[in-house]
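Q: quick one, fold the following:
(2 chains)
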2 protein chains.
Amino acid sequence: MSLDNAVAKPHERLAELLAADLEAVGEVIRGRMASKHAPRIPEVTAHLVDAGGKRLRPMLTLACARMCGYEGADHVKLAATVEFIHTATLLHDDVVDESAQRRGRPTANLLWDNKSSVLVGDYLFARAFQLMVEPGDLRVLDILSNAAATIAEGEVLQLSAAQNLATDEAVYLQVIRGKTAALFSAATEVGGVIAGRPEEEIKALFDFGDALGVAFQMVDDLLDYWGSEATGKNVGDDFRERKLTLPVIKAVAQADAEERAFWKRTIEKGRQEDGDLAQALALLERHGSLEAARQDALDWADRARDALTRLPDHPIRAMLDDLATYVVARVN
Amino acid sequence: MSLDNAVAKPHERLAELLAADLEAVGEVIRGRMASKHAPRIPEVTAHLVDAGGKRLRPMLTLACARMCGYEGADHVKLAATVEFIHTATLLHDDVVDESAQRRGRPTANLLWDNKSSVLVGDYLFARAFQLMVEPGDLRVLDILSNAAATIAEGEVLQLSAAQNLATDEAVYLQVIRGKTAALFSAATEVGGVIAGRPEEEIKALFDFGDALGVAFQMVDDLLDYWGSEATGKNVGDDFRERKLTLPVIKAVAQADAEERAFWKRTIEKGRQEDGDLAQALALLERHGSLEAARQDALDWADRARDALTRLPDHPIRAMLDDLATYVVARVN
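A: I've put the predicted structure just below:
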């Protein structure tokens, strides 16, 4: 490892260590997103796949499988499965959120249309299921098909919870466990399953992925109020889209009557005016809601690291520990 | 069987014979469409499930399994899987087509919103995959996950083919094989697979389902120009939605320059005026396109019946033979 790499970001060090595996995953993805009959499919998919993203989720599967001593080739297909499920949900999310940008590019629903995003997303889901069937491991199928259902359930729950001031932290946790953490924990768990590790290690891998996913989403939601050019996030998107997330849930819980009326008008009724975002930020500041949400994210990162201590020592384990730190570094 | 039943429609006779199995399928569907966390899911699903539909696809799985001598219980889960995949595609189709009515009721995208239709559809897809994993039969998983990919591919192909006058009968066949026949043939094939029948019988079951699905969709597309109050179809929906189907493809192939300009304006460019539907119908009549499309549908129904002759004699086989006749009866 070069001196540069010693200070490289942990996901970059993991990517270097797993370079051959990641290359194989990329080939599976390119091969399976093809369609003999419908050229629209690889067009739409390539638009998203080429835009990059860190391939964090497939890397978790590869890393956990390798850390568990797995020496077969099925981890590559399962990592591609995880990335296909993720890409399909991005396509559908952009339709649901009516998003215009994703990974710094216009979204597929804007470049093509909502129809293409819905149907190509369905195609990628189906391709994911074909891929996960191929290794022929029923337990893996169980884990990944359950994750797919949990993701969709979390997304539907978010629809009704997002604009409802009655949404509390427990519901918020359920939403992000579904929409984000379920795929993280499935990605890490299957790594241990295909390696045939003992149940307590598989459970530790699940807990690591679950806590990492929760921390990851909490930071993402926090940066929507705390972002800057450095973090690459646009401040206020969730507020404008009337999406109730952890910082606002915390502020609502402490709101007086006047503040409650403000949240009711801006989030529940969606009647927003100039200056409302600044007012929202002032309320989050007044109640220490951003700081409290930040502390929650750090706690979940700690839980992720705690889970790793239940696994045998391994160079990859140290990198995953760093990864948990890195995920919350933008708010630490 | 009562005298009434002797003249009942074949799908009603099948439903009577398979009543206990169908009841069990209904229970699985009701159980699995529930969601502990997101009440929106069973609301949207029940709206569609309660509206009925003939449950033709799950009945095919039940009928084929029983005809093949299957005595286990997995056919119920697989039939429910098939119905969930079908329901999920209906939800997504209504978003893609911007439909306002389905099974005589307002569509879910109209009653709730497109977001709910997209995400509840995803949930039902995921539930379908969970269900199909449970019997633990990898060949069944292979068949059903391939069918899901073929369905999505057919739907995407239709997006680009539908408004393109270059679409020929071969592309049309590919579209309807994907969007309709793939689920019919998977439904019939898995019945033989779980019963452990020889390969040539499984192939015959596949061919029966495939041809039945093609005939079914051809009739559906034909009735869009040939319908009446008796058939329950609204004449001209596909024309207004600029969806190129078999009758128009046949008329375009025989169009002179002036007729071509008409199809180009109305279907490709979508600039429709009063009287265009009447003109379209006149052109279909002039070239005998409806009659030719009708003959194609009848031919596919014959192929479905031919495939059945490669299976051992059985009372259910006779009912499936009648079903192939019934599917085209509305145009015969």
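Q: name the nearest residue to the residue nearest to the spatial centre of chain A, ignoring sequence neighbours.
A: In chain A, the residue lying closest to the centroid (CA atoms, centre = their mean) is residue A:180, at 4.2 Å. In space, and not counting its chain neighbours, residue A:180 is closest to residue A:217: 4.1 Å by CB to CB, 6 or more residues apart in numbering or on different chains. In short, each C-beta sits where N, CA and C put it, glycine included.
Q: which residue ranges make up the domains of chain A?
A: A:9-135, A:137-314+A:321-332 (automatic domain parsing).
Q: by mean pLDDT, show me the worst of those domains.
A: Per-stretch mean pLDDT for those is lowest at domain A:9-135 (a mean of 88).
Q: those residues of the stretch 51-200 of chain A touching chain B, which are they?
A: Contact residues, the stretch 51-200 of chain A versus chain B (CB under 8 Å from any CB of the partner chain): A:89, A:92, A:95-96, A:114-116, A:118-120, A:122-123, A:125-127, A:129-130, A:133, A:136, A:138, A:141-142, A:145-146, A:148-149, A:151-157, A:159-160, A:174, A:178.
Q: redo that, cut-off 6 Å
A: Residues of the stretch 51-200 of chain A lying close to chain B by CB under 6 Å from any CB of the partner chain are A:92, A:95-96, A:115, A:118-119, A:122-123, A:125-127, A:129-130, A:133, A:136, A:138, A:141-142, A:145, A:148-149, A:152-153, A:155-157, A:159-160, A:174.
Q: by proximity to chain B, which residue of the stretch 201-332 of chain A wins?
A: Ranked by CB to the nearest CB, the top residue of the stretch 201-332 of chain A for proximity to chain B is residue A:241, at 11.9 Å.
Q: so that residue versus residue A:255, what's the distance?
A: Using CB to CB, to the nearest Å, residue A:241 is found at 20 Å from residue A:255.
Q: all the strands of chain A, in order from the start?
A: For chain A, the strands defined by DSSP state E cover A:101-102, A:105-106.
Q: from the ones you listed, which stretch is densest packed?
A: Sort the strands of chain A by mean neighbour count, taking mean count of other CB atoms under 10 Å in any protein chain shown, and strand A:101-102 sits at the top with a mean of 16.
Q: nearest residue to residue A:22 other than its sequence neighbours?
A: residue A:15 is the one closest to residue A:22 (CB to CB, 6+ apart), at 6.1 Å.
Q: next, count neighbours for the one you found.
A: 19 (other CB atoms under 10 Å in any protein chain shown).
Q: with residue A:72 instead?
A: Neighbour count of residue A:72, defined by other CB under 10 Å: 10.
Q: could you do the one 4 residues further on as well?
A: Using other CB under 10 Å, residue A:76 has 24 other residues around it.
Q: again, but for residue A:69
A: Residue A:69, neighbours per other CB under 10 Å, totals 12.
Q: and the one 10 residues further on, by the same measure?
A: The tally of other residues near residue A:79 (other CB under 10 Å) stands at 32.
Q: can I get stretch A:311-325 as PDB, trimmed to CA atoms?
A: Presented in PDB, the C-alpha positions along stretch A:311-325 are these (Å, rounded to 0.1, in the frame of the first residue of the first chain):
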ATOM      1  CA  LEU A 311     -16.100 -10.900  14.300                       C
ATOM      2  CA  PRO A 312     -12.600 -12.400  14.100                       C
ATOM      3  CA  ASP A 313      -9.800  -9.900  13.500                       C
ATOM      4  CA  HIS A 314      -9.000  -9.300   9.900                       C
ATOM      5  CA  PRO A 315      -7.500  -6.500   7.800                       C
ATOM      6  CA  ILE A 316     -10.800  -5.900   6.100                       C
ATOM      7  CA  ARG A 317     -12.500  -5.700   9.500                       C
ATOM      8  CA  ALA A 318     -10.200  -2.700  10.300                       C
ATOM      9  CA  MET A 319     -11.200  -1.100   7.000                       C
ATOM     10  CA  LEU A 320     -15.000  -1.600   7.700                       C
ATOM     11  CA  ASP A 321     -14.400   0.000  11.100                       C
ATOM     12  CA  ASP A 322     -12.800   3.000   9.300                       C
ATOM     13  CA  LEU A 323     -15.800   3.000   6.900                       C
ATOM     14  CA  ALA A 324     -18.200   3.400   9.800                       C
ATOM     15  CA  THR A 325     -16.200   6.400  11.000                       C
END
